[in-house]
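[1] Need coordinates for the following:
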Amino acid sequence: MPTPPPRLPLSLSDLRGLSRLGFDATLGITGVVEQMHRTIGERAAPLGAPVAGRTGGLTGAVYAAVRGTTRLAGKGTDTLLRLLEPLGSAAPESLERAAVLAAINGIWGDHLEASANPLAIAMSLRVQGRALELNAPQLQAALPGAGRRVAVLVHGLAMNDLQWLRQGHDHGALLANELGCTVLYLRYNSGAHVSVNGERLAALLEALAANWPLTLDELVLVGHSMGGLVARSACHVAEAQGLAWRAKLGALVCLGTPHHGALLERGGHRLDRLLDVSPYVAPFARLGKARSAGITDLRYGNVQRADWEGRSAHDQKRDDRRPTPLPAGVPVHLLAATTSASPAGLRHALVGDGLVTLASAWGEHRDPALALQVPAAHKELITQANHWDLLSRPEAADALRRWLA
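    Sure thing, here's the model as predicted:
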């Protein structure tokens, strides 16, 4: 018999969030169609600035009616589902549900937060998928075997804490079983700005350090992909604010982190600009620009709030980031991957692990102020591996053993 597809249990809150997102998308697509309609109606030149504004007359009234009806239907559906929520039960945690919510947050997470959508993921530290309450009695009850060395694992874009387990291997389990760490997993909305998540993580770690059941001797941060940027951002915030946990930081490990951005997001930005050349295709650029602030931060590897504040996430046309040094006095280790059999050739240089080039993962930059000063002995490369293989390859596990022993 064929294996049945995995079930995706959803709560009424989940359905309300998906419904709201669907109505938001309908309004967005209506705007795209109306802009195209007006462009054609005005017989705009093939090249030039996009035609702005709404259509007028009867056509404008039709579009206004569509928007009004959509908003009315959206509010009615939202109100009904909100009233029914107390009658339903919370959706049970599952790998499928967590993965879907993580993906939605990765793509539209900033919009979810701005619109107070219940699908927006609140940041939390977790163990076995369960969120921890960061007060001393709750931590002691949830972690009876807590030790004095804590490792916090920070996932990447559109992922979640449960996805550290890949092909039967979990770096967190390795750190716990072989290196004696008490391992906590972060779950967060990866569609929010990296710096916003960095600020939230810094505050969370401060509460954790203040309420840990034992004297905290050492804190280790391990970030995969975007998670490394979030960890660096948290360190930057901790240093700026003089947070106590920063003095406990013993190591920072970044796995495939795009310290200087990812080519895929830069390609998306170039496509946006190309579509803006003609008013006839410019409306479609609005669809691509719906991607989250977290994704646009990966264009150049934004870490600080100052890297983006005061402008649209899509207006960063060059690498004008503020230099963000690595945490002083803390060993930093960088693990990269390449799909090539050897670290040479065009494929290796341009493709890297499929998402992040070696130069970006190792923090190399032509501007000395932006280059990360990491000793060669603290860098390692895995060949014939992709971005996600960094979560499961034996070479990655071996690197963690050596670096954090």
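[2] What ranges does the protein have for its strands?
    Taking DSSP state E as the test, the strands found in the chain are 124-127, 130-131, 149-154, 165-166, 169-170, 182-187, 218-224, 249-255, 332-337, 379-382.
[3] Contacts for the fifth one, please.
    Applying CB atoms under 8 Å, 6 or more residues apart in numbering, the contact partners of strand 169-170 are Trp164, Leu391, Ser392, Ala397. Where C-beta positions appear, they are placed from N, C-alpha and C, glycine not excepted.
[4] picking up where we left off before, including mean pLDDT, could the strands of the chain go into a markdown table?
    Listed next are these as a markdown table, based on pLDDT from 0 to 100:
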| stretch | mean pLDDT |
| --- | --- |
| strand 124-127 | 98 |
| strand 130-131 | 96 |
| strand 149-154 | 98 |
| strand 165-166 | 97 |
| strand 169-170 | 98 |
| strand 182-187 | 98 |
| strand 218-224 | 98 |
| strand 249-255 | 98 |
| strand 332-337 | 98 |
| strand 379-382 | 98 |
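[5] what's the closest of those strands to Asp24?
    strand 182-187 (23.6 Å; CB to CB).
[6] Need the CA coordinates for that closest one. CSV is fine.
    Only the C-alpha atoms of strand 182-187 are listed here, as CSV (Å, rounded to 0.1, in the frame of the first residue of the first chain):
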residue,chain,number,x,y,z
THR,A,182,23.2,21.6,28.1
VAL,A,183,21.7,22.3,24.6
LEU,A,184,18.9,24.8,23.9
TYR,A,185,17.5,25.4,20.5
LEU,A,186,16.2,28.8,19.3
ARG,A,187,13.0,29.2,17.3
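[7] Each with direction, which strands does that strand pair with?
    strand 124-127 (antiparallel), strand 149-154 (parallel) (DSSP bridges).
[8] ranking those by burial, who's on top?
    Highest mean neighbour count among those (mean count of other CB atoms under 10 Å): strand 149-154, with a mean of 25.
[9] what's the spacing between that strand and its chain's center?
    From the chain centre to the centre of strand 149-154 is a distance of 18 Å (CA atoms, centre = their mean, to the nearest Å).
[10] So what angle separates the directions of that strand and strand 249-255?
    Our comparison of strand 149-154 with strand 249-255, counting by axes from the mean of the first three to the mean of the last three CA atoms, to 10 degrees, yields an angle of 30 degrees.
[11] Direction-wise, compare strand 149-154 with strand 218-224 and give the angle.
    20 degrees.
[12] Not counting the lowest-mean-pLDDT helix or strand in the chain itself, show me its contacts.
    The weakest-scoring helix or strand in the chain, judged by mean pLDDT, DSSP states H and E, is helix 282-288 (a mean of 74). By CB under 8 Å, 6+ apart, the residues outside helix 282-288 that reach it are 28-29, 31-33, 35-36, 39, 50-51, 268, 271-272, 275-276.
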